[in-house]
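J.: fold the following and give me the result.
(one chain, ligands or ions: 1)
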Amino acid sequence: MADERISFGLFSSSSILFLCCIISSTFAAWPLPYRRYDHRPISSPFCQAGVIPFCPSGEPDNSMPLFNPTDPVEIYALKKPVWQFKFGDLLGKFHIIHDALGIKNVKTGHNYTMEWYELFQLFNCTFPHLLKNDTLQWCNQGATCIYDGIEDKLWHQNGTLAKVATMTGDQFNTFADWVLKDNRTGLFYETWTVESEPGGQMWFDAFDCASWVLRAFDQLGVIGAKFDHSVSLNYTRIHLYSSQPIYLGNETEIFGNKSNAALAKDMINFYKDFQSHVSDEKLVLNLLDALLYIMNRDKFYLYYNSAYWLLPMKKPFASLSYDQVPLPGGGGGEVYHKPHSVWQQEDEYWKAKFGKL
Ligand SMILES: CCCCCCCCCCCCCC(=O)OC[C@@H](O)COP(=O)(O)OC[C@@H](O)CO
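T.: Model prediction:
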């Protein structure tokens, strides 16, 4: 009797856990909210920048310039093909575009470039490294970089340098506060936008250079920047299409639990086809090769919010888009876009200070 009680106990607890996984992924609020953290972890020494170091001429960590409150300030949208420094306009032809902001203090003449991107390059944020002990190592942090000057030629030659807004120095200083808070909490790059079908239910939203600019524009709108709505801007997304994602667990739950050995093995097999240890020249081909490879897969293991999800892939499997997103406060009257990621404890602050969200 006792054995039956124990076996029943084991059966019931594992089935309850399995049911919880199914229920939680069935009734999750989609798109799954991007997880924010209260501090940035030190990256593994295994992770190396590779092609270019992150933010080589940037302001000191977690610091922002501050302006005189009455200084007039101009905001510019900056766009250029990803990896233009190595491949020129090649990726621009696929509309694979990097986004950034230019800040001009009209009174002092101080200019700054601000951008959010990977600490260790795009491929390292899209796929993990497969280590010798058959575990996976992610090098997927992203961060904000702000540095002196705006290299007009760099952005003009194959991309965009367009004035989009004006604001005061006081408003810029409030924006600077947001930039630092956003940088301390939004830590991990997410390449993929995952949806049920083109234009369908979004399961996971990307968190990349483009989404940072869109979040920044939202906050500049909240703070009171005046946008020029005659400027039309498009943004790159790479999409995966799947049925509802299935939650698999975090690193420890999958790779540290013998009962998940088959799943861990299958994930290793999946990721070993997406290893980027190739020369930089081959990297673009590797990326595009990987994209083509994905087109014929019926499943995809996604890493989101530091946990793994199974995507039951479906046609058209993947696509690239370059769609227009209006600037805040435009499009016929004061229709306001709630900021993409105003986190809870900030709501009251913003409401008190700006009376809206
Ligand atoms: C199979 C997977 C990939 C398929 C093809 C790639 C699709 C990429 C879609 C996302 C767009 C990426 C936009 C972005 O986040 O860019 C950030 C960074 O990769 C840009 O790097 P960069 O070297 O071109 O520019 C950084 C430079 O401005 C730093 O000062």
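
J.: up against the ligand, what does this protein have?
T.: Within reach of the ligand by C-beta under 6 Å from any ligand atom, the chain has these residues: 82-84, 96, 98, 115, 117-118, 122, 126, 191, 208-210, 236, 238, 287, 290-291. The C-beta positions use only the backbone N, C-alpha and C, and glycine is treated the same way.

J.: in strands, which of the residues you listed fall?
T.: Taking DSSP state E as the definition of strands, those contribute 98, 115, 117-118, 236, 238.

J.: could you dump these to JSON lines with neighbour count and distance to I150?
T.: Converted to JSON lines, these look like this (neighbours: other C-beta atoms under 10 Å; distance: C-beta to C-beta, whole Å):
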{"residue": "H98", "neighbour count": "23", "distance to I150": "14"}
{"residue": "E115", "neighbour count": "20", "distance to I150": "11"}
{"residue": "Y117", "neighbour count": "21", "distance to I150": "16"}
{"residue": "E118", "neighbour count": "22", "distance to I150": "21"}
{"residue": "T236", "neighbour count": "23", "distance to I150": "21"}
{"residue": "I238", "neighbour count": "19", "distance to I150": "27"}
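
J.: need the max-distance pair from those residues.
T.: For those, the farthest-apart pair by C-beta to C-beta is E115 and I238; their separation is 18.4 Å.

J.: show me where the stretch 151-300 of the chain has its strands.
T.: Here the stretch 151-300 of the chain has its strands, by DSSP state E, counting those that start in this stretch, at 160-168, 192-195, 202-204, 226-227, 234-242, 246-249, 299-304.

J.: shouldn't D182 be in contact with T144?
T.: Yes: look at D182 against T144 with C-beta atoms under 8 Å: they come within range, at 7.2 Å.

J.: and the residue positioned nearest the centre of the chain, how far is that from Y37?
T.: Central residue of the chain (C-alpha atoms, centre = their mean): F207, 1.4 Å from the mean position. The gap separating F207 from Y37 is 12 Å, by C-beta to C-beta, to the nearest Å.

J.: name the residue of the stretch 251-357 of the chain that lies nearest to the ligand.
T.: Closest to the ligand within the stretch 251-357 of the chain is A290: 3.6 Å, counting by C-beta to the nearest ligand atom.

J.: show me the contacts for the closest residue to Y235 other than its chain neighbours.
T.: Leaving aside its chain neighbours, Y235 sits nearest to A210 (4.2 Å; criterion: C-beta to C-beta, 6 or more residues apart in numbering). Neighbour list for A210: 97, 99, 235-237 [criterion: C-beta atoms under 8 Å, 6 or more residues apart in numbering].

J.: looking at those residues, state which has the most neighbours.
T.: D99 (26 neighbours; other C-beta atoms under 10 Å).

J.: surely that residue touches E115?
T.: Yes: using C-beta under 8 Å, D99 is in contact with E115, at 7.4 Å.

J.: now list whatever residues contact both of these two.
T.: The contact lists of D99 and E115 share 78, 209, 212, where a contact means C-beta under 8 Å, 6+ apart.

J.: burial measure for the first one, as a count.
T.: Here the neighbour count serves as a burial measure; for L78 (other C-beta under 10 Å) it reads 23.

J.: for K80, give the beta-bridge partners.
T.: H98 (DSSP bridges).

J.: quick one: low-confidence parts of the stretch 201-350 of the chain?
T.: Counting by pLDDT under 70, the low-confidence segments of the stretch 201-350 of the chain come to 276-284, 286-287, 330-350.

J.: in it, which spans are helices?
T.: 209-223, 251-255, 261-271, 280-294, 344-354 (DSSP state H, counting those that start in this stretch).
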